[in-house]
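In: here's my sequence, what's the structure:
(one chain, ligands or ions: 1)
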Amino acid sequence: MHIFRTNHTLQQHLQKQRAQGKIIGFVPTLGALHDGHMSLMQTALKQSDVVVCSIFINPTQFNQASDFQKYPRSLMADIELLIQNDVQILYYPIDSEIYPEGLDTTVDIDLGLLGKVMEGAHRPGHFEGVMQVVKRLLDIVDPDKLFMGQKDYQQFTIIRYLLEQFKMPTELIVCPIIREPNGLARSSRNERLSAEARTRAKVIFEILQWCKQHYKIEKIKELEEQAQNKLKAEGLIPEYFSIVDGDSLAPPDEDSKTIVACTAAWIEGVRLIDNIIL
Ligand code: AMP
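Out: Below is the predicted model:
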């Protein structure tokens, strides 16, 4: 596997690949890689000739400095996993390559409702930071295909909008949520939970599935309320439980092509998110 730390060396290498007609796939991550990330890599490897994984713990998307500091870091294990999975390129940039002094990297697009609901309402500045880093990484890597997880539903919805707004030719491919055997969505944050909390947190997926079974029968507002109560009953602290149109993230109506239930809940001071398409 090639490891690059500067834009120039990465771009030189990719230019040669492109000249040979190779399709470049890109998987941006914050590191602390797990099965969820690896399923993205596997899909990327199937659908492209060269896969670039980036590991960059982007400070601008953390709305709490403590969350940034506590974010798990495991570079050596990550490199081993990437090698085992035959990923060809790791881009592990030094900070100044992403945010060079004097370069304005802020992304100034109005997300409207997409940025106001759910994560947007509870993590001020988060999506501005995500857009900033993803736009910057896309400008550097210039991939044919971008692979993201359904796990971060609002995030990929916003990146899809960003690609449209900037008329970027990169194709977005959304990959399914990978779960632990008990149903809990895989997340780097799960590492911070005690074994007991990790077991209790499976209730998040159970409630999402319950919601899928009941959403045609019960009113949406009631479902959202009951789901939050069920989370509380298991000792979790729900931040939101929202059933929304899968494209606009507005309340669903009869024209909604996709309806999705999304939730964020705290347990042992760790914030977990998950969703299910209904
Ligand atoms: P992160 O490192 O948390 O920023 O995640 C990098 C990418 O992996 C994002 O596109 C996530 O949506 C995706 N991802 C994270 N966890 C999972 C999971 N459990 N299943 C599928 N994709 C995931």
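
In: wait, Met38 touches Asn85, no?
Out: Yes - between Met38 and Asn85 there is a contact under Cβ atoms under 8 Å: 5.8 Å. (Each C-beta comes from the backbone N, C-alpha and C, glycine too.)

In: can you tell me how far the nearest residue to Asn85 once chain neighbours are set aside is from Phe56?
Out: Closest residue to Asn85 apart from its sequence neighbours, by Cβ to Cβ, 6 or more residues apart in numbering: Met41 at 5.3 Å. Distance from Met41 to Phe56, counting by Cβ to Cβ, to the nearest Å: 16 Å.

In: same drill for the two, tell me which one is more crowded.
Out: A side-by-side neighbour count of Met41 and Phe56, using other Cβ atoms under 10 Å, places Met41 first with 22 against 19.

In: check what pLDDT the more buried one gets.
Out: With respect to pLDDT, Met41 scores 98.

In: which stretches of the stretch 151-278 of the chain have low pLDDT?
Out: By pLDDT under 70, the stretch 151-278 of the chain has no low-scoring segment.

In: what residues does it put near the ligand?
Out: Within the stretch 151-278 of the chain, the residues that sit near the ligand (Cβ under 6 Å from any ligand atom) are 151-152, 175, 177-178, 185-188.

In: now the residues you listed as JSON lines including secondary structure and neighbour count?
Out: Listed next are those as JSON lines, based on DSSP: H, G, I helix; E, B strand; the rest coil; neighbours: other Cβ atoms under 10 Å:
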{"residue": "Lys151", "secondary structure": "coil", "neighbour count": "21"}
{"residue": "Asp152", "secondary structure": "coil", "neighbour count": "19"}
{"residue": "Cys175", "secondary structure": "strand", "neighbour count": "20"}
{"residue": "Ile177", "secondary structure": "coil", "neighbour count": "19"}
{"residue": "Ile178", "secondary structure": "coil", "neighbour count": "18"}
{"residue": "Ala185", "secondary structure": "strand", "neighbour count": "23"}
{"residue": "Arg186", "secondary structure": "coil", "neighbour count": "18"}
{"residue": "Ser187", "secondary structure": "coil", "neighbour count": "22"}
{"residue": "Ser188", "secondary structure": "helix", "neighbour count": "18"}
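
In: which two among those residues are spaced furthest apart?
Out: Maximum pairwise distance in those, criterion Cβ to Cβ, is 16.4 Å, between Cys175 and Ser188.

In: rewinding a little: contact partners of the helix or strand encompassing the residue nearest to Asn85?
Out: Applying DSSP states H and E as the criterion places Met41 in helix 35-47. Residues outside helix 35-47 that contact it (Cβ atoms under 8 Å, 6 or more residues apart in numbering): 23, 25-27, 29, 51, 53, 81-82, 85-87, 145, 147-149, 151, 173, 175-178, 185-187.

In: so of those, which ones are in helices?
Out: In helices, judged by DSSP state H, the following of the contacts of helix 35-47 are found: 81-82.

In: and stretch 76-96, how far apart are its ends?
Out: The first and last residues of stretch 76-96 sit 22 Å apart, counting by Cα to Cα, to the nearest Å.

In: spit out the contact partners of the residue of the stretch 101-250 of the chain found nearest the ligand.
Out: Here the stretch 101-250 of the chain gets closest to the ligand at one residue, Gly149, 2.3 Å apart by Cβ to the nearest ligand atom. Gly149 makes contact with 36, 40, 156, 174-178, according to Cβ under 8 Å, 6+ apart.
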